[in-house]
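Q: Starting from these lines, generate the structure:
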Amino acid sequence: MKASLILMALLASTGVLSGCKALKAMDSANAIPSKLDQTYAQIEKTNQGINETNESVRLQKLILAKNDMLDDKNTQDLEPVALGMIAGAKKFGEAATTEELVEYTRVLLLKIKDQRPDESLKNSDGKYPKTVVKDYDHKKLVDLHQILTIAGFCPQEKIDRIIDEQIYGGGLYQRTAYAFLMARVLFLGTYLQETTFAEPMDTVNIMRETITRLGAIDKILKTPYKEQVKLNIDTFLEHEPITISLYDQAGKMDDSWNAPELWKKVLIRFDQDLKDGNIVTGSSTKAADVQGEIAALKAQVMAYIESWSSSHGFAED
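A: Predicted structure coming up:
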């Protein structure tokens with residue numbers, strides 16, 4: 001306002017504005033602040049509306065992702081990997097906040113732990129019919145595989161925030177965060193064994209994805225709180241209990257997530273599957289780029305191997 005008044009005064013003093021015109025200009029200057037206030041209020045209202053719309057869209061994505069995971073066609077074949085749930089789990093992990101991820105995991109773990117079949121469904125011999133047992137265990141497995149698949153495909157930056165907020169920050173869901181990390185390792189280890197390692201790693205993108213997935217396992221295996229990372233599901237009626245931890249009492253890892261050995265297998269695949277990069281002739285520039293990427297990826301794998309042999313007491317074969 002002060003600057004506007006000074007400008008009007010200067011214009012009047014130089015003869016550009018005089019008499020009534022100068023007074024009208026002064027009145028217009030006085031009206032500027034109220035007009036700006038109205039504009040700012042409208043902008044704030046618009047921003048609030050945009051934020052509310054964005055939040056509504058995000059929540060809708062969560063609901064659709066959950067519904068997709070739980071669609072009957074996606075929950076029939078769950079073991080060893082619930083492949084049908086992956087698309088929904090990816091979208092859920094992308095849309096959910098870190099707090100929502102651990103809260104949802106907590107709810108599912110409690111549901112798995114506490115829910116029991118209706119006693120009235122027992123036969124006269126006091127036992128549940130096989131159909132009841134099968135349905136009961138299947139529902140628990142569906143809830144478990146929600147956790148496994150969401151954790152497995154959760155973006156790494158969100159995993160890092162969960163660790164920072166819940167584990168290092170002493171959060172409300174610290175124990176749930178440990179279980180979530182174990183679920184991530186279990187899923188990724190099984191997923192790699194059943195898919196990636198079961199097929200040729202014969203393109204740069206396949207190799208890059210393998211390194212990313214195994215790198216996510218590697219990071220958790222090396223944490224200072226690794227003894228706390230575990231998962232215990234023992235409330236099935238017929239299915240074997242799932243009681244796992246990163247390392248057993250002897251300090252050994254399960255073959256599915258034994259990173260030191262898996263990295264060596266990946267390194268072999270460079271010569272076995274990716275020796276020439278499966279480069280399609282026709283573009284010398286692109287071929288050179290692919291060869292450069294292969295060299296960079298191989299160096300990355302060798303660095304992982306070295307990190308285990310030098311810092312974690314795993315000697316080379």
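Q: pLDDT wise, what is the residue sitting nearest the centre point of the chain at?
A: Among the residues of the chain, the one closest to the centroid is C154, at 1.3 Å (Cα atoms, centre = their mean). The pLDDT attached to C154 in the predicted structure is 97.
Q: Excluding residues flanking it in the chain, which one is nearest it?
A: With Cβ to Cβ, 6 or more residues apart in numbering as the criterion, C154 has its nearest non-adjacent residue at 4.1 Å, and that residue is G93. Every C-beta, even on glycine, is put in place using the N, C-alpha and C of the backbone.
Q: tell me which element S310 falls in.
A: Following DSSP states H and E, the helix or strand that holds S310 is helix 284-311.
Q: Likewise for K134?
A: Under the assignment here (DSSP H and E), K134 is part of helix 130-153.
Q: That helix: which residues count as buried?
A: By neighbour count, and taking 16 or more other Cβ atoms under 10 Å as the criterion, the buried residues in helix 130-153 are 132-133, 136-137, 140-153.
Q: what's the offset of the helix holding S310 from the middle of its chain?
A: Taking Cα atoms, centre = their mean, to the nearest Å, one finds the center of helix 284-311 at 25 Å from the center of the full chain.
Q: tell me which residues in it are buried?
A: Neighbour-count burial for helix 284-311 flags 290, 294, 297-298, 301, 304-305, 307-308 (criterion: 16+ other Cβ under 10 Å).
Q: packing partners for it?
A: Using 3 or more Cβ pairs under 8 Å, 6 or more residues apart in numbering; DSSP states H and E, the elements in contact with helix 284-311 are helix 204-221, helix 259-272.
Q: just to revisit the earlier point, min pLDDT across the buried residues of helix 284-311, which one?
A: Ranked by pLDDT, those bottom out at V290, which has 82.
Q: how near is that one to L274?
A: Taking Cβ to Cβ, to the nearest Å as the measure, V290 and L274 are separated by 10 Å.
Q: list residues touching both of the two?
A: A shared contact of V290 and L274, defined by Cβ atoms under 8 Å, 6 or more residues apart in numbering, is any residue touching both; here these are V204.
Q: Run through the residues that contact E103.
A: Y173.
Q: Please report how far it lies from I162.
A: Using Cβ to Cβ, one gets 11 Å for the distance from E103 to I162.
Q: How about R116?
A: R116 sits 30 Å away from I162, going by Cβ to Cβ.
Q: And for K73?
A: The gap separating K73 from I162 is 30 Å, by Cβ to Cβ.
Q: Between the two, which has more neighbouring residues?
A: A count of neighbours by other Cβ atoms under 10 Å puts I162 above the other of K73 and I162, at 25 against 8.
Q: Which residues outside stretch 112-124 are in contact with it?
A: With Cβ under 8 Å, 6+ apart as the test, stretch 112-124 has contacts from 128-129, 132-133, 136, 139-140, 143-144, 233, 235, 237.
Q: hang on, isn't H145 packed against L83?
A: No. The criterion here is Cβ atoms under 8 Å, and H145 misses it with L83 at 10.3 Å.
Q: tell me the phi and psi of K230?
A: In this entry, K230 is assigned phi and psi values of phi -160, psi 170 (degrees, to the nearest 10).
Q: Oh, that last question was meant for P117, not what I typed.
A: Given degrees, to the nearest 10, the pair of backbone angles that P117 has is phi -70, psi 160.
Q: Report how many residues lie close to it.
A: Applying other Cβ under 10 Å, we find 15 residues neighbouring P117.
Q: again, but for T203
A: Burial measure for T203: 15 neighbouring residues, criterion other Cβ under 10 Å.
Q: Could you report the pLDDT at it?
A: pLDDT for T203: 88.
Q: Pull out the buried residues from stretch 244-254.
A: Here stretch 244-254 shows 244-246, 253 as buried, counting by 16+ other Cβ under 10 Å.
Q: Would you format those residues as TSV with secondary structure and distance to L64 included?
A: Conversion of the buried residues of stretch 244-254 to TSV gives the following (DSSP: H, G, I helix; E, B strand; the rest coil; distance: Cβ to Cβ, whole Å):
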residue	secondary structure	distance to L64
I244	strand	31
S245	strand	34
L246	coil	33
M253	coil	37
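Q: ok, so of those, who is nearest G189?
A: Distance ranking of the buried residues of stretch 244-254 against G189, using Cβ to Cβ, places M253 first at 9.1 Å.
Q: For M302, see how far away that closest one is.
A: When Cβ to Cβ is the yardstick, M253 and M302 sit 20 Å from each other.
Q: Would you mind measuring from P200 to E157?
A: Taking Cβ to Cβ as the measure, P200 falls 30 Å from E157.
Q: The two - which one has more neighbours?
A: Shown here are P200 and E157; by other Cβ under 10 Å, P200 has more neighbours (12 against 9).
Q: Which of the three states applies to the more buried one?
A: coil (DSSP: H, G, I helix; E, B strand; the rest coil).
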